[in-house]
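A.B. asks: Sequence first, then the predicted structure:
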Amino acid sequence: MDKETIAHMARSCGFAKLGVCGVGEFSDARARVGAQPPLSERRQLRFDPGQECPWATALLVLLWPYAPAPLPQGNGVFIDSYYAASNAAYHAARRLEDMLRDTGCRAQANVAFPAKEAAVRAGLGAIGRSSLLITPEYGTRVVIILVATDALDGGQTQPVRATGCLNCGRCAKACPTGAIGADGMTHPERCLRNFMMEGIVVPEETRPLMGMKLLGCDNCQRACPMQTLPEAAQPVPLALDELVTADNAAFSGVVGRLSSQIGKNVARPQRVRAQAALLCGNRGRAEDLPVLMRWAQSDASAVREHARWAMARIRARSGLDPDGEKR
Ligand code: B12
Ligand code: SF4
Ligand code: SF4
């Protein structure tokens with residue numbers, strides 16, 4: 001099948017751009033991952049298409065751009081628009097997989113090879129100091145999806161080490177944790193995203209840096225002058241008050257709404273609650289104390305620890321002693 005026919009199919013599924021690359025091993029990425037501390041987000045990552053899908057002759061590299069979320073106002077929480085876009089792109093890739101199979105080709109959507117490097121190999125952009133792919137059309141705000149297929153030949157893979165960014169250092173300055181240095185993202189283990197909705201107890205020094213972020217951090221992208229897409233008109237409409245409730249049915253309803261946007265794998269109730277508890281500590285409102293007290297008895301360690309920390313912070317700020325009495 002020719003690339004234009006596949007690009008047409010991909011557009012009908014909602015993708016904005018298609019690139020194609022070969023199925024050579026991602027050995028640079030393998031070496032880099034091996035040299036860094038283990039990250040839970042990398043557990044699924046695979047490096048050798050020849051081993052994982054030996055029938056494949058090409059990787060389709062698909063771009064799904066998204067408008068960045070405006071910063072939340074008032075009691076709103078921040079949910080990076082990447083997550084809703086990623087959920088939509090995941091399902092679109094499954095539709096493309098079906099379309100390719102209907103023509104008699106083999107296809108496997110959402111294969112977990114290093115997506116940014118595949119995109120560079122396919123000529124779709126360059127890696128910036130932030131470590132993200134910068135595309136000329138959409139800046140960094142793209143979900144990258146890979147589909148392995150035998151529908152066409154991806155050709156020989158030439159390992160590409162592109163830099164291509166302005167090297168202005170604004171991403172590094174904007175990063176609250178110092179994950180990005182002069183040589184790129186040398187400390188990915190410090191990135192706030194590692195600690196969000198992972199069901200883990202977040203290190204104490206990292207908790208205040210999260211501000212009102214429920215999911216995702218956008219600081220390095222927001223600071224990057226290579227962006228081209230205007231902000232979305234509305235933030236994801238979710239107030240922290242909707243989550244800080246002792247009414248389990250109401251809480252499940254809100255989590256259900258959230259999972260329909262960002263996927264149920266990400267929006268797991270206890271993980272959402274643990275992050276909400278942490279955000280309560282950052283906003284510091286005494287009205288949250290009754291719900292936090294209940295959460296402080298939770299069986300889930302992240303919910304329990306974050307709630308206890310939030311209560312201590314709120315009490316310290318409001319001049320209450322540890323039992324909640326006015327000092
Ligand atoms: C693990 C992971 C993470 C980890 C680690 C990120 C990292 N930079 O290593 C954490 C949880 C921190 C994370 C955070 C985020 N992620 Co993430 N993540 C992934 C995942 C699953 C694997 C990435 C990976 O480990 N690749 C392998 C390693 C080796 O790559 P690497 O360290 O970036 O380095 C390679 C190149 O970038 C380059 N390079 C990088 N630095 C340097 C430095 C030098 C000196 C040189 C020479 C080369 C070089 O060479 C390396 C070898 O190929 C991919 C999905 C996928 N299947 O690829 C998404 C992915 C990279 N994430 C993505 C996004 C959107 C995010 C967040 C914005 C989410 C958010 N809103 O919070 C943040 C951004 C943080 C950031 N600045 O990178 C998108 C990026 C889209 C884009 N435009 O690039 C991806 C591609 C998901 C997708 N399918 O679209 N993520
Ligand atoms: S997403 Fe946030 S914490 Fe992660 S590297 Fe970018 S600015 Fe730093
Ligand atoms: S902020 Fe500057 S240094 Fe960082 S990725 Fe963008 S252009 Fe490159």
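C.D. replies: Arrived safely, thanks for sending. Ligands and ions are numbered 1, 2, ... in the order given.

A.B. asks: Find the nearest non-adjacent residue to whatever residue of the stretch 201-327 of the chain ends up closest to ligand 1, please.
C.D. replies: Residue of the stretch 201-327 of the chain nearest ligand 1, by Cβ to the nearest ligand atom: residue 216 (3.2 Å). Backbone N, C-alpha and C define where each C-beta goes, glycine included. Using Cβ to Cβ, 6 or more residues apart in numbering and skipping residues adjacent in sequence, the residue nearest residue 216 is residue 80, 2.8 Å away.

A.B. asks: What's the separation between the one you found and residue 283?
C.D. replies: Applying Cβ to Cβ, to the nearest Å, the value for residue 80 to residue 283 is 19 Å.

A.B. asks: More neighbours: these two, which one.
C.D. replies: Taking other Cβ atoms under 10 Å, residue 80 and residue 283 do not tie; residue 80 has more neighbours (23 against 17).

A.B. asks: Contacts only, for that one.
C.D. replies: Residue 80 is in contact with 68, 69, 215, 216, 217, 218, counting by Cβ atoms under 8 Å, 6 or more residues apart in numbering.

A.B. asks: and if you look at residue 69?
C.D. replies: Counting by Cβ under 8 Å, 6+ apart, residue 69 makes contact with 78, 79, 80, 81, 218, 231, 232, 235, 236.

A.B. asks: Keep those, but drop any that are not near ligand 1.
C.D. replies: On the criterion Cβ under 6 Å from any ligand atom, 80, 218 are the entries of those that sit beside ligand 1.

A.B. asks: Between all of the contacts of residue 69, which two are separated the most?
C.D. replies: 79 and 231 (14.1 Å; Cβ to Cβ).

A.B. asks: Specify which residue of the two has the higher count of neighbours.
C.D. replies: A side-by-side neighbour count of residue 79 and residue 231, using other Cβ under 10 Å, places residue 79 first with 24 against 14.

A.B. asks: Now that one: closest residue in space that isn't a chain neighbour?
C.D. replies: Take residue 79 and drop its neighbours on the chain: the residue closest to it by Cβ to Cβ, 6+ apart is residue 236, 4.4 Å away.

A.B. asks: now do residue 84
C.D. replies: residue 261 (4.7 Å).

A.B. asks: count of residues packed around that neighbour?
C.D. replies: Close neighbours of residue 261, defined as other Cβ under 10 Å, add up to 16.

A.B. asks: For residue 44, see how far away it is.
C.D. replies: 22 Å.

A.B. asks: How about stretch 56-69, which residues are buried there?
C.D. replies: 56-66, 68-69 (16 or more other Cβ atoms under 10 Å).

A.B. asks: Which of the residues you listed sits closest to residue 135?
C.D. replies: Nearest to residue 135 among those, counting by Cβ to Cβ, is residue 63 at 6.6 Å.

A.B. asks: so who does the closest one touch?
C.D. replies: Residues counted as contacts of residue 63 (Cβ under 8 Å, 6+ apart) are 15-19, 119, 124, 135, 138, 142-145.

A.B. asks: what about it, which helix or strand?
C.D. replies: Using DSSP states H and E, residue 63 falls within strand 58-65.

A.B. asks: Let me have the helix ranked longest in the chain in PDB, keeping just the CA atoms, if that works.
C.D. replies: Longest helix in the chain by number of residues, with DSSP state H as the criterion: helix 82-102. The C-alpha trace of helix 82-102 is given here as PDB (Å, rounded to 0.1, in the frame of the first residue of the first chain):
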ATOM      1  CA  TYR A  82      -2.300  15.800  26.800                       C
ATOM      2  CA  TYR A  83      -4.300  13.100  28.700                       C
ATOM      3  CA  ALA A  84      -7.600  13.600  27.000                       C
ATOM      4  CA  ALA A  85      -5.800  13.800  23.600                       C
ATOM      5  CA  SER A  86      -3.800  10.700  24.400                       C
ATOM      6  CA  ASN A  87      -7.000   8.700  25.300                       C
ATOM      7  CA  ALA A  88      -8.700   9.900  22.000                       C
ATOM      8  CA  ALA A  89      -5.500   9.100  19.900                       C
ATOM      9  CA  TYR A  90      -5.200   5.600  21.500                       C
ATOM     10  CA  HIS A  91      -8.800   4.700  20.300                       C
ATOM     11  CA  ALA A  92      -8.200   6.300  16.900                       C
ATOM     12  CA  ALA A  93      -5.200   4.100  16.500                       C
ATOM     13  CA  ARG A  94      -7.300   1.000  17.200                       C
ATOM     14  CA  ARG A  95      -9.700   2.200  14.400                       C
ATOM     15  CA  LEU A  96      -6.800   2.600  12.000                       C
ATOM     16  CA  GLU A  97      -5.500  -0.900  13.000                       C
ATOM     17  CA  ASP A  98      -8.900  -2.300  12.000                       C
ATOM     18  CA  MET A  99      -9.000  -0.400   8.700                       C
ATOM     19  CA  LEU A 100      -5.500  -1.800   7.800                       C
ATOM     20  CA  ARG A 101      -6.500  -5.300   8.700                       C
ATOM     21  CA  ASP A 102      -9.600  -5.000   6.600                       C
END
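
A.B. asks: Let me know the distance separating residue 47 from residue 150.
C.D. replies: 20 Å.
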